[in-house]
Each structure stands twice: as C-alpha cells, then as structure tokens.
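1. Predicted coordinates and the sequence they were generated for:
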Amino acid sequence: MAQAGQRKCRSCAQFFVPDRRNRTRQRYCASAACRRASKIASQAAWVGKPENQDYFRDPCHAARVRAWRAVQPVANVRVHAQTHQRPVDRFAEGQANLRPLHPVGFNLARVCSVRVSPQFRVALDANHYSVPARYAGQNLLLKAYPDRVCVYYRD
C-alpha cells in the first residue's frame with residue numbers, strides 16, 4: 001500500500017517517492033530500466049504528435065544529417081558493440097542479397113471506410129471533404145495518399 005507522497009511507477013508498478021522538484025509530473029521511478037521505459041514512452045508520444053510526424057524527413061534536416069556524417073566519418077566504421085563488426089562491412093556482406101525496388105512503386109495509401117454525413121462530407125483526420133449529394137448516408141471507401149485523397153463507391 002502506498003504511503004503519503006508515494007506514486008506507482010508506470011513501468012515496474014513499484015511505489016516510489018517522486019523527486020520534490022518534479023513531484024507533480026514524475027511517473028517513473030529512478031531505476032535504469034524504468035528511466036529507459038520513460039524515455040521510450042516520451043519519444044513515442046513526441047513522434048505521435050501530428051506536427052512532429054515528418055520532422056526528421058524534412059529536406060533541411062536530411063541535409064543537416066548528411067553534413068554531420070561528412071565530418072563524422074567514424075559513425076559507419078567503428079565496431080558495433082553487439083555484432084562485433086563494422087556496419088560498413090556488414091552492409092557489404094548483405095548487399096549481394098538486396099534486390100532493386102519495384103519500378104512501379106508501392107501503394108502508400110491509408111485506406112479506411114467512411115460514412116458520408118447529411119451535409120455530403122467525409123471526415124479524414126481534422127479535414128472534411130465534400131462528395132456528391134447522392135452518397136449522403138452511404139459508406140464509401142477512402143484512400144488517403146501523401147499528395148491526394150480519393151473516395152470510391154463500391155470498389
């Protein structure tokens with residue numbers, strides 16, 4: 001049973017006393033495993049926010065990483081702690097097994113079934129798209145691509 005001021009850790013479920021400077025926000029105890037779990041959960045929550053979805057895919061960030069790699073040549077040549085091999089050597093071994101990408105590409109659409117509102121609109125995330133009035137109240141198939149939204153009636 002928890003004593004006054006104690007809180008249950010979200011990772012190990014043990015009771016702990018939060019740090020006094022952080023007592024209202026601390027949800028994990030101070031053990032190394034729980035701190036690791038806290039960091040994983042925090043990073044997942046950050047990446048899950050809509051404004052952060054493409055943060056690391058932005059061209060300026062890609063250029064920044066390329067520039068960093070150019071001045072830090074050790075990243076691909078030092079011996080990995082778990083595999084005991086250099087990543088560049090491991091890639092060279094596996095490169096023979098790689099096949100070229102499909103020339104047509106992949107279907108990157110997010111597919112879902114949507115119901116048309118009485119105002120002839122379908123909702124996707126925080127946006128509403130209008131459809132012809134004859135589809136009001138019907139279930140339609142919506143495909144959301146990175147650059148467009150397609151709505152289909154009966155495949």
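-> Now that the structure is in, tell me what you want to look at.

2. show me what contacts residue 144?
-> 109-112, 124 (CB atoms under 8 Å, 6 or more residues apart in numbering). The C-beta positions use only the backbone N, C-alpha and C, and glycine is treated the same way.

3. Identify the bridge partners of it.
-> residue 110, residue 149 (DSSP bridges).

4. if I look at it, how far off is residue 11?
-> Computed as CB to CB, to the nearest Å, the residue 144 to residue 11 distance reads 35 Å.

5. Can you show me the CA trace of the lowest-mean-pLDDT helix or strand in the chain as CSV?
-> Least confident element among the helices and strands of the chain, by mean pLDDT, DSSP states H and E: helix 59-71 (a mean of 82). C-alpha atoms of helix 59-71 as CSV (Å, rounded to 0.1, in the frame of the first residue of the first chain):
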residue,chain,number,x,y,z
PRO,A,59,14.9,18.2,-46.5
CYS,A,60,16.7,20.7,-44.3
HIS,A,61,17.1,18.0,-41.6
ALA,A,62,18.3,15.5,-44.1
ALA,A,63,20.9,18.0,-45.3
ARG,A,64,22.0,18.7,-41.7
VAL,A,65,22.5,14.9,-41.1
ARG,A,66,24.4,14.5,-44.4
ALA,A,67,26.7,17.4,-43.4
TRP,A,68,27.2,15.9,-39.9
ARG,A,69,28.0,12.5,-41.4
ALA,A,70,30.6,14.0,-43.7
VAL,A,71,32.6,15.5,-40.8
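
6. distance between it and the chain's centre?
-> 21 Å (CA atoms, centre = their mean, to the nearest Å).

7. what does stretch 39-50 give?
-> Offset of stretch 39-50 from its chain centre (CA atoms, centre = their mean): 8 Å.

8. quick check: domain ranges of the protein?
-> For the chain, the structural domains run 7-48, 54-88, 110-152, going by automatic domain parsing.

9. Of the ones you listed, which is nearest residue 100?
-> Using CB to CB as the criterion, the shortest distance between residue 100 and those is 21.2 Å, found for domain 54-88.
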